[in-house]
Structure formats: structure tokens, C-alpha cells
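>>> Build me a model from this:
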Amino acid sequence: MQDKPTPYKGLEDQLILRDHLAADRTILANERTFLAYIRTALTLFVAGLSFVHLKIFESHIFEVIGVVFILLGIATFFVGLFRYKRMQALIRRIKQEELEKLGEENSQ
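Numbering: from 1, shown residues only. Next comes the predicted model:
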């Protein structure tokens, strides 16, 4: 069985179990938050479509509300994607800084 690359590659002998688990929890929390954004965006989008197709009254207010919900759903998705990518880059940067710091300590 192949070993999957871990987010803390190169630090295995420096980290204790608690550190491994904390790194995994951070990565999983970031992914879970992104999935919550997607779920919210889809809910807004579907609600918007429902309002747009609601033809009970002759008023166009439901269509306007539907379009607003659709736009909010799209915006929510892109905000979630932006925040996910930003946090992912931050996690990578922190891990890289830790690797560099350990490399400097080991060379001394």
C-alpha cells in the first residue's frame, strides 16, 4: 500500500501525535467550512430559482426576490472559495516556515 503524502512531510520525527492530529483537524476544518459555504450557496440558488418560477401572483416582486437570491448564492460560493483558498495558502506558508526553521536548527 502506498503512503499518502502528509501535510507535515519532513516533520514526522519532530512532531508528536498531538501535533499530527492538530494539523489534520485544521485542514479538515477548512474543508468542512468550504462545504458549508457550498451548501448555503446551493440553498440560496435553489430558493432563488423557486421564486423566479413562482407564478401565483401577477406581481414581479417574486422574480426580483428570486434573482437576488440567485445572485446571493453565486456570491456566497465565490466568497467561500476565496476564503478556502486563502486559508489553504496560509496553512502551507506556516508549514513551510516551520520546515525552514527546523532546517536552520538542525544545521546549527
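>>> List the buried residues in the helix or strand hosting residue 22.
With secondary structure defined by DSSP states H and E, residue 22 is part of helix 17-52. Across helix 17-52, burial judged by 16 or more other CB atoms under 10 Å covers 23, 30, 34, 37, 40-41, 44-45, 47-48, 51-52. Heads up, the C-betas are built off the backbone N, CA and C, glycines and all.
>>> Tell me where the longest helix sits in this protein.
Determined from DSSP state H, the single longest helix within the chain is helix 61-107.
>>> Check which helices and strands that helix sits against.
Contacts defined by 3 or more CB pairs under 8 Å, 6 or more residues apart in numbering; DSSP states H and E place helix 61-107 against helix 17-52.
>>> which helices and strands does the helix it packs on pack with?
Using 3+ CB pairs under 8 Å, 6+ apart: helix 17-52 touches helix 61-107.
>>> now the helix it packs on: mean pLDDT?
Taken as a whole, helix 61-107 has a mean pLDDT of 88.
>>> for it, the distance to its chain's centre please.
Computed by CA atoms, centre = their mean, to the nearest Å, the chain-centroid distance of helix 61-107 equals 6 Å.
>>> Next, the angle from it to helix 17-52.
160 degrees (axes from the mean of the first three to the mean of the last three CA atoms, to 10 degrees).
>>> Go ahead and confirm residue 65 touches residue 53.
No: applying CB atoms under 8 Å, one finds residue 65 not in contact with residue 53, separated by 12.0 Å.
>>> Which one's more surrounded, these two?
Ranked by neighbour count (other CB atoms under 10 Å), residue 65 and residue 53 place residue 65 first, with 16 against 10.
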